[in-house]
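> model the following, please.
(chains A and B, ligands or ions: 2)
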Amino acid sequence: MTAAETDHKNPGEPVIQIVGLNKWFGPFHVLRDINLSVAPRERIVICGPSGSGKSTLIRCTNRLEEHQEGQIIVDGTELTRDLKNIDAIRREVGMVFQSFNLFPHLTVLENCTLAPIWVRKTSKAEAEEIAMEYLTRVKIPEQAEKYPGQLSGGQQQRVAIARSLCMRPNIMLFDEPTSALDPEMIKEVLDVMVDLAETGMTMLVVTHEMGFASQVADRVIFMDEGQIVEQNTPDEFFNNPQSDRTKLFLSQILSH
Amino acid sequence: MTDQAFHRSQSEMLGERPPPANSVGVIGWMRRNLFSSATNTLVTILSLVLLWWIVPPLFNWVFFDASYSGSVGADCVGHGACWAWLDQRIDQFLYGFYPPESYWRVNLSVILLVPALAFVLFDRLPGAKYGRWYSLAYPFIAAILLVGGFGLEGVTTDKFGGFMLNLVAGVAGIALSLPIGILLALGRRSKLPLIRWLSVGFIEFIRGVPLITLLFVAVIILQLFLPSEVSLDQLLRVMIMITLFASGYMAEVIRGGLQAIPKGQYEAAEAMGLRYWQSMRLIILPQALKISIPGIVNTFIGLFKDTTLLIIIGLFDILGQARLLQTNQDWIGKVDHETFLLAALFFFVICFSMSRYSLKLEKRLDTTRR
Ligand SMILES: Nc1ncnc2c1ncn2[C@@H]1O[C@H](COP(=O)(O)OP(=O)(O)OP(=O)(O)O)[C@@H](O)[C@H]1O
Ligand SMILES: [Mg+2]
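Numbers count the residues shown, from 1 in each chain, chains lettered A, B, ... in the order given. Ligands and ions are numbered 1, 2, ... in the order given. Presented below is the predicted three-dimensional model:
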């Protein structure tokens, strides 16, 4: 995949624009007045303590969660109740979960071809070709005929990444993609993500892998209590944190 | 690890040895499974004694001491079973009062059922694509064959009987209760309150009322509400009730399976842009149904046995035929056990096959251990 393949409708415009976003779970105010604008090809790492709303924020971006106030515009389409818009955005946005969420009753190859065939209406042959291309990119083409249950966690997460890429998305969301992995498997997944970043994919990554953040992120966002507390380049963020909360958080995760 | 390094750490490689003789083969199996402890040995011996008490006398009664010929009960003189009635009555046990010259229509629908089932139960059959269409068309083909029309002489459903009646009601119920049960289970988990309430209401009503009550409603009370010129076939009415009854239970079995599917599966399907029905059909139901197989087959078996309740609308299924013969002047007092035994055998063969097939299916669908 070359950078040219990620074609945005409005070049130059932000590919994700979030304005005045507020969300509640019942009475609980989980996201508070979030403003965020993501440029095409920008790589953003989101970190923050548990329960700060990181997952909720990126899940709002593809409507796995519904927001109550504010605007979310993805690639020129606003997320509203309109199913057509939701479908359009989900076709453009890939998502990788902490728990992989591969479909256990389908082979690796079938996992990868399902959405292209049923959502994009690609022919089976072409979908399989695309799937093999991405399985090769995540370095497990030889596992195509196996079932997810037969793979290691790291392999499963790489399949999950390939599966998302098969829809040829413009934007990739990652929600703690390495948190459920054993240490020796974290690297193989991060390597794939670094690779992907180098192709020019727009990425929103929730992670506490600070090495990954300083290597590939254009911007690090620190969230706490449903708000964006601080954002900066990785250099500035790690070496010169502004708020006390950020300092406390960094001291906690770096001491590990 | 190189060979050299290996040899350095261990002076000699250990050769392969066969396992000890007393741990393999028949002897080994018996040691492990029948005589592994004092209690186990005692249980084994007691079981053997019990079998010795039951099995030989049973075989003697059923086969060796049985009477096979005669035209009335009095002809059965041995102290074994009386099978003399089979000659005259087996047709009624199988076909009820269906016109004998049309038995072939029943036989043909059973023969045609085999491929219709096969295309549903086994994938990877040659021509599976057209086979599925055939399976869908089968109910209509069978209905025409059995009831008549298109040049075939009409047979009213009150002539249906014997095991054929159990099969007709059972197969129709099984084929319909699964899809209806799936819809009810999905309805019960729907985000739309109206659909959810309707599903819950229906399921709870069905589960709260005995089947026999529903059947009486179908037969007697329904007729009071229908305009007199509308007469829905009685057999059809009762079959609908049995099917709905099984569907209510089916819905709960499938809901159990749906609840076992992690939320992440729904979310992954949604995030990829699959629509509700697509994700149900492609992702959720295949997994939920797989988990629910034991419960589904349980419900099928229950439904099949409930077809014996057809007797309340005056139809004589295989059990009804047994009762008829038991009270027949010629055979009274001679065939009570024999007729029930035969009816039980018919049910057992069908129910046991379903149960075996479901075990096989579970193994085949298990993707974690291939
Ligand atoms: N469906 C839900 N209903 C009610 N509360 C929820 C729901 N999902 C999340 N929450 C709450 O919202 C808050 C933010 O959750 P979120 O999952 O976004 O946090 P997070 O920053 O991703 O945390 P973590 O690092 O633990 O994943 C938490 O307090 C959580 O308990
Ligand atoms: Mg989270």
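> I'd like the mean pLDDT over the strand or helix carrying A:Q252, please.
Using DSSP states H and E, A:Q252 falls within helix A:244-254. Average pLDDT, helix A:244-254: 89.
> then stretch B:183-190?
pLDDT averaged over stretch B:183-190 gives 95.
> closest residue of the stretch 51-200 of chain B to chain A?
B:K191 (11.6 Å; CB to the nearest CB). Placement of C-beta: from N, CA and C, glycine included.
> any idea how far ligand 1 is from the residue of the stretch 151-256 of chain A found nearest chain B?
Relative to chain B, the nearest point of the stretch 151-256 of chain A is A:M167 (6.5 Å; CB to the nearest CB). To ligand 1, A:M167 is 24 Å away according to CB to the nearest ligand atom, to the nearest Å.
> repeat that for A:E133.
According to CB to the nearest ligand atom, A:E133 and ligand 1 sit 32 Å apart.
> with A:G20 instead?
With CB to the nearest ligand atom as the criterion, A:G20 and ligand 1 are 18 Å apart.
> ok, that residue touching A:L36?
No: in this structure, A:G20 is not within contact of A:L36 by CB atoms under 8 Å, at 10.6 Å.
> those two: which is more packed in?
A:L36 (20 against 10; other CB atoms under 10 Å in any protein chain shown).
> that one belongs to a strand, doesn't it?
Yes: counting by DSSP: H, G, I helix; E, B strand; the rest coil, A:L36 falls inside a strand.
> and the nearest residue to it once chain neighbours are set aside, what are its phi and psi?
In space, and not counting its chain neighbours, A:L36 is closest to A:I18: 4.4 Å by CB to CB, 6 or more residues apart in numbering or on different chains. When quoted as degrees, to the nearest 10, the phi and psi of A:I18 stand at phi -120, psi 120.
> would you mind measuring from A:R219 to B:A260?
Using CB to CB, to the nearest Å, one gets 41 Å for the distance from A:R219 to B:A260.
> looking at those two, which is more packed in?
A:R219 (19 against 12).
> quick check: the more buried one touching A:I228?
No: the pair A:R219 and A:I228 fails to qualify as a contact (CB under 8 Å) at a distance of 10.9 Å.
> where's B:V297, which helix or strand?
B:V297 belongs to helix B:285-306, assigned by DSSP H and E.
> how is chain B divided into domains?
B:92-155, B:161-365 (automatic domain parsing).
> confidence-wise, which helix or strand of chain A is lowest on average?
Here the helix or strand of chain A ranked lowest by mean pLDDT, DSSP states H and E is helix A:244-254, holding a mean of 89.
> now for that one, which elements pack on it?
strand A:219-224, strand A:227-232 (3 or more CB pairs under 8 Å, 6 or more residues apart in numbering or on different chains; DSSP states H and E).
> how about low-confidence regions in the stretch 151-256 of chain A?
A:256 (pLDDT under 70).
> could you pull out the helices for the stretch 1-150 of chain A?
A:54-61, A:83-92, A:108-118, A:124-137 (DSSP state H, counting those that start in this stretch).
> regarding the residue most central in space within chain A, what is its secondary structure?
The centroid of chain A falls nearest to A:L173 when counting by CA atoms, centre = their mean (1.4 Å). When classified by three-state DSSP, A:L173 comes out as strand.
> which residues does it contact?
A:I58, A:T61, A:N62, A:V93, A:G94, A:M95, A:V96, A:M203, A:L204, A:V205 (CB atoms under 8 Å, 6 or more residues apart in numbering or on different chains).
> check B:G187 too.
Counting by CB under 8 Å, 6+ apart, B:G187 has contacts B:I195, B:R196, B:L198, B:S199.
> scan those and report the most crowded one.
Top of the contacts of B:G187 by neighbour count (other CB under 10 Å): B:S199, with 21 neighbours.
> chain neighbours aside, what residue packs nearest to that one?
Using CB to CB, 6+ apart, the nearest residue to B:S199 is B:G187, at 3.3 Å.
> what helix or strand is that neighbour located in?
helix B:162-188.
> run a quick neighbour tally on residue 104.
No chain in the question, so chain A it is. Neighbours of A:P104 (other CB under 10 Å): 20.
> looking at chain B here, not the other one
11.
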